[in-house]
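> Provide a 3D model corresponding to the input given below.
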Amino acid sequence: MAKAPDPKTADKGAAKPAKKSRKGLTIALATLVLVGAGGGGTWWWMHRDAGAANASAPPPSRPPVFMNLDPFTVNLLEEDGEHYLQTSIVFQVSDEKAVETMKSYLPVIRNRVLMLLSSKRPSDLSSPAGKAKLVEELTAAVRESVPGTTPERGIMQAYLGSFVVQ
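The predicted model follows:
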């Protein structure tokens with residue numbers, strides 16, 4: 001006759017399948033977590049620069065405002081012969097109000113710019129450093145020509161539109 005199954009052995013046999021299913025469930029959950037973490041990490045890695053760019057990007061601002069002065073032609077100080085400078089100057093200003101103020105003082109501005117340009121020698125203007133210094137001086141001269149309470153008086157920067165020394 002067949003022996004009856006031992007209750008201790010039967011419990012162990014029944015417990016093993018339950019352990020396998022828990023083990024399988026644990027492996028499935030661990031795999032799911034790893035795949036999710038890998039996917040999330042990949043997404044972050046691909047989009048990390050876009051997020052940083054958006055965070056550090058300045059808020060949209062209005063376009064810059066420029067004022068062009070009519071071209072200048074001046075005789076330069078003599079230096080091994082006669083030379084002249086022909087240039088156009090563009091000023092970046094804070095807003096349209098600054099443009100209107102500059103237009104009101106245009107005779108004063110043009111006079112100061114002409115006096116400044118005609119006080120230069122060709123050698124003063126031949127190097128990039130000399131041109132950069134001239135731009136700084138032009139910015140300061142125009143700021144001094146326009147009344148106001150701030151040092152900038154709405155004038156942000158001067159730019160050379162054209163520049164020819166002969």
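> and this protein, what are its domain boundaries?
Following automatic domain parsing, one finds the domains of the chain at 1-61, 65-165.
> most packed of those domains?
Ranked by average neighbour count under the criterion mean count of other C-beta atoms under 10 Å, the domains of the chain are headed by domain 65-165 at a mean of 15. (C-beta placed from N, C-alpha, C; glycine too.)
> quote the end-to-end distance of that domain.
28 Å (C-alpha to C-alpha, to the nearest Å).
> A158 versus V90, what's the distance?
Remark: distance between V90 and A158 (C-beta to C-beta, to the nearest Å) = 7 Å.
> dump the domains of the chain to JSON lines, plus mean pLDDT.
JSON lines is the format used below for the domains of the chain (pLDDT from 0 to 100):
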{"stretch": "domain 1-61", "mean pLDDT": "67"}
{"stretch": "domain 65-165", "mean pLDDT": "94"}
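> mind listing what A158 touches?
89-92, 135, 138-139, 142 (C-beta atoms under 8 Å, 6 or more residues apart in numbering).
> now with 7 Å?
89, 91, 135, 138-139, 142 (C-beta atoms under 7 Å, 6 or more residues apart in numbering).
> can you tell me which of those residues is nearest L116?
L138 (6.6 Å; C-beta to C-beta).
> assumed the closest one was part of a strand.
No: looking at L138 with DSSP: H, G, I helix; E, B strand; the rest coil, it is helix, so not inside a strand.
> now the closest residue to it other than its chain neighbours, what's its secondary structure?
Counting by C-beta to C-beta, 6 or more residues apart in numbering, A158 is the residue found nearest to L138 once chain neighbours are left out, at 4.2 Å. State at A158, reduced to three classes by three-state DSSP: strand.
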